[in-house]
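Student: Provide a 3D model corresponding to the input given below.
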Amino acid sequence: MRIESIKVTTFTYPTRRCSDSAGHSHPGDESLAKMAMLTITADDNSQGYAFVAPEIIRPYIVDSFFKKVLIGQNPFNREKIWHELVHWQRGSAQQLTDRAIAIVEQAIWDLIGRKLNMPVHKLLGGYREKVPAYGSTMCGDELKGGLSTPDEYGDFAEKLVLKGYKAIKIHTWMPPVSFAPSPIMDVKACAAVREAVGPDIALMIDGYHWYSRSDAIYIGRELQKLNFTWFEEPMEEQSMDSYIWLSKNLDIDIVGPESLSGKYLSRADWVKHGACDILRAGVNSAGGLTPCLKVAALAESFGMDCEIHGNGAPNLNVIGAIKNCRWYERGLLHPFLNYDEPPAYLNNIVDPMDEDGFVHLPTLPGLGEDINFNYIATNTLTVE
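Tutor: You can find the predicted model right below:
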């Protein structure tokens, strides 16, 4: 069995999500967005698929790296393939990003799962059948009735609890919101959410502001009073020493690193130096399912949890195969959007949640996505 071809299908789909000038998602008017589907085909016609923004896998990336490494390889040699792709990052990391490698690896895992008629999480180890979800909000905004005030955060949190969520993570306000970033407003939003949901709902915050040490320690101490579960990414993650200092000076669990480059290698440094209490990795940020599993095993070796960053089929499959992850991040959520409505290129969402707040692991083969191939064919822009 050998990989025979790689192609990228770019298509349009309607969405009510838009990005502000800093790249943060918010609700907006319906518009057409572009999506790319990477398809890897083997010589026995087995196929695997992965979805990504088109700019991540431009034709130059596909021709110069993906095809050069993958064509003729046995897809079951996915560890070998992954390391060969990583080798090409030396001198070309700005073009061949970790996220680009992650997309290739997702498609390979999807191919393998479809070939064997098994969900990927079973192939990875199969630890659980369901996982509790936390509702992860969008960043704050200035939309009346949205997430523009602390009270609106509290109101939305109440609604999330009624839906079944037993945990909520908030992303607060960020530029270009006129008053952001603001430690005082962040704390007010956290207090409003705690008051709204009571003492039994687990609460987290993703700082995401590159705050100073002074701001981070202030927010962290207020979060401790509010009995928050963890404090995530309050400062620039390139400064590991800042996180060592913060972890030593707070009792609340510090989670990281989320977006730091270096895959499992940089995260090993964070564990060694005590820069976090809970390790963080996602399939896209770590460079694939394979390195994400290595991060989880690293954390387990030191008695730490590894919380997986982000929603979607690849991350959900990793969570299904490991023990030391307590939650699935379900979002991003907003009062004006219906998360349970699938995008047009999928027939169903991969992570429906039951009334008790659990997301059940996919049962379809591969990554478990129910792809609407007819829709994609009808709305295709290019095939390369």
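
Student: Flag the shaky bits of the stretch 1-150 of the chain, pLDDT-wise.
Tutor: Low-confidence segments of the stretch 1-150 of the chain, defined by pLDDT under 70: 93.

Student: those helices in it, which residues are they?
Tutor: Using DSSP state H, counting those that start in this stretch, the helices assigned to the stretch 1-150 of the chain run over residues 59-61, 67-70, 78-87, 98-116, 120-124, 150-163.

Student: Counting by contacts, list what the third one packs against.
Tutor: Contacts of helix 78-87 with other secondary structure elements, assessed using 3 or more C-beta pairs under 8 Å, 6 or more residues apart in numbering; DSSP states H and E, are made with helix 67-70, helix 98-116, helix 289-301. Quick note: C-beta positions are derived from backbone N, CA and C, even for glycine.

Student: Could you say which of the ones you listed is packed most deeply?
Tutor: Of all those, helix 98-116 has the most neighbours on average by mean count of other C-beta atoms under 10 Å, namely a mean of 24.

Student: Can you name every helix or strand that it contacts?
Tutor: With contacts taken as 3+ C-beta pairs under 8 Å, 6+ apart, helix 98-116 sits against strand 25-42, strand 47-52, helix 78-87, helix 120-124, helix 283-286, helix 289-301, helix 313-321.

Student: could you redo the last one with a cut-off of 7 Å?
Tutor: strand 25-42, strand 47-52, helix 78-87, helix 120-124, helix 283-286, helix 289-301 (3 or more C-beta pairs under 7 Å, 6 or more residues apart in numbering; DSSP states H and E).

Student: how near is Asp251 to Arg128?
Tutor: Using C-beta to C-beta, to the nearest Å, we find Asp251 at a distance of 29 Å from Arg128.

Student: Of these two, which one has the most company?
Tutor: Shown here are Asp251 and Arg128; by other C-beta atoms under 10 Å, Arg128 has more neighbours (15 against 10).

Student: wait, doesn't the more buried one sit right on Gly320?
Tutor: Yes: with contact defined as C-beta atoms under 7 Å, Arg128 and Gly320 form a contacting pair (5.8 Å).

Student: Overlap in contacts, the two.
Tutor: Residues touching both Arg128 and Gly320 (C-beta atoms under 7 Å, 6 or more residues apart in numbering): Leu361.

Student: Could you pull out the strands in the stretch 101-250 of the chain for me?
Tutor: Using DSSP state E, counting those that start in this stretch, the strands of the stretch 101-250 of the chain run over 130-137, 167-171, 202-206, 230-232.

Student: and the gap between Lys225 and Ala157?
Tutor: Counting by C-beta to C-beta, the gap from Lys225 to Ala157 is 18 Å.

Student: wait, I meant Arg194
Tutor: Applying C-beta to C-beta to Arg194 and Ala157 gives a distance of 9 Å.

Student: the more surrounded of these two?
Tutor: Between Arg194 and Ala157, counting by other C-beta under 10 Å, Ala157 is the more crowded of the two (24 against 20).

Student: still on that earlier bit, I'd like the helices of the stretch 1-150 of the chain as a markdown table, with distance to Tyr211 appended.
Tutor: Below are these laid out as a markdown table (distance: least, C-beta to C-beta, whole Å):
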| stretch | distance to Tyr211 |
| --- | --- |
| helix 59-61 | 34 |
| helix 67-70 | 40 |
| helix 78-87 | 32 |
| helix 98-116 | 25 |
| helix 120-124 | 36 |
| helix 150-163 | 18 |
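
Student: just so I know, which of the ones you listed lies nearest Pro314?
Tutor: Of all the helices of the stretch 1-150 of the chain, it is helix 98-116 that lies closest to Pro314, at 5.0 Å by C-beta to C-beta.
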